[in-house]
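Asks: need coordinates for the following:
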Amino acid sequence: MVQELKLFFTDYPRQILEMRGVRPAELPTGLMDQLLDYRERSLAILDDAQVFRIDIDAYWMMNELINEMKRDGLDELFSQVQLPFPTMIIMPPLLGADGIMRQNDGSVLGLVTQVEEEIYTQRFAIRQNTVSPSACCMITKGIGASAIPTPTKELFEAVGMQVSDSMIDEELAMNQNFLGSAVAIATLLRHDGMLDAQEVSLHPRHERRQAERSGKVLTDTLITRITLGKAGRGQVEAMKDHVSADRREGMPRRTHWVRGHYMKSRSGKLVWRMPHLRGAGPLVPQLRHVTGSASVGGLPTTPQVNDT
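Replies: So this is what the prediction gives:
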């Protein structure tokens, strides 16, 4: 999908103008310069992009954790995050028309870019090698967020293609999900066993074999697959058990996972309590991870506090 986006922006905005039969000279004054600047910036960003495809269970866990943080008023994590790469392409699972969640095939993705303290998030859709570009960009700085139209939205309106408010609202909702996933990946990868990151081929084995039989050549593209680690699987078990309607309160229980969560320490710092086992069986030491500020040279430091 990176290649499709690069091809789109290499030819941008010519293909949209030709589709509508509009000449560059007919655009509003200054718009063509904005479009060309947007093209160059997008191509430079895509050169640094790292693709993350998220498995269904890992996506569910991260979403639940982000929603839990918002309910608890711990949104300041967004102001402390340092993305592991300057640009992340986020590929979450997709909900089908039948209501079933499936692995992302690259048809919808989020482009999340961090520039110093600001994070820019855009949505792109790719179907049959045709790119549906973003009409708005969500900008977050700390826990504040704002939205601005992309030059593409102004181009659409200039050539007679209206972008409705409902389309913008839908894009912004998707951008919030992409950003939440990027933040969760950036923070949980620092805690042993919460997430597992593996470099795999963009195309599954059966897809590669089918292409070979039909004589097609697939690009040898590697992406990062995000799955649950051991602690992450325990987190999912604990979260599902927590919301289970038939959970019996006050009864002695066998060894079970207790979910991890962010919390405020006595010093006022945001800390992460790892998922842990409770009940009959051996004692499992716990570690609390104190979220530090971003270091100058890379990822934030994460001191560990023994909680046994």
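
Asks: so what secondary structure elements neighbour the longest helix anywhere in the chain?
Replies: When the chain is parsed with DSSP state H, its longest helix is helix 165-188. When contacts are defined as 3 or more Cβ pairs under 8 Å, 6 or more residues apart in numbering; DSSP states H and E, helix 165-188 packs onto strand 49-54, helix 56-71, helix 77-80, strand 87-91, strand 108-115, strand 118-127, strand 136-141. To be clear about C-beta, it is placed using only N, CA and C from the backbone, and glycine gets the same treatment.

Asks: which residues touch that helix?
Replies: With contacts defined as Cβ atoms under 8 Å, 6 or more residues apart in numbering, helix 165-188 is touched by 52, 54, 59, 62-63, 65-66, 77-78, 81-84, 88, 90, 92, 108-112, 119, 121-123, 134-138, 140, 147, 194-195, 226, 232, 272, 291.

Asks: just the buried residues of those.
Replies: 52, 54, 59, 62-63, 65-66, 77-78, 81, 83-84, 88, 90, 92, 108-112, 119, 121-123, 134-138, 140, 194-195, 226, 232, 272, 291 (16 or more other Cβ atoms under 10 Å).

Asks: show me where the protein dips below the pLDDT cut-off.
Replies: Residue ranges of the chain with pLDDT under 70: 204, 206-208, 212, 217-219, 242-253, 280-308.

Asks: from residue 33, how far off is residue 84?
Replies: 34 Å (Cβ to Cβ, to the nearest Å).

Asks: next one: residue 58
Replies: From residue 58 over to residue 33 (counting by Cβ to Cβ), the distance is 42 Å.

Asks: so between the two, which is more surrounded?
Replies: residue 58 (28 against 11; other Cβ atoms under 10 Å).

Asks: residue 189 versus the more buried one, what's the distance?
Replies: For residue 58, the distance to residue 189 - Cβ to Cβ - is 11 Å.

Asks: circling back to that earlier point, please state the offset of the longest helix of the chain from the chain centre?
Replies: Offset of helix 165-188 from its chain centre (Cα atoms, centre = their mean, to the nearest Å): 7 Å.

Asks: list the buried residues in the helix or strand that it is followed by.
Replies: Next in sequence after helix 165-188, counting helices and strands by DSSP states H and E, comes strand 195-201. For strand 195-201, burial by neighbour count (16+ other Cβ under 10 Å) applies to 195, 196.

Asks: cool, thanks, talk later.
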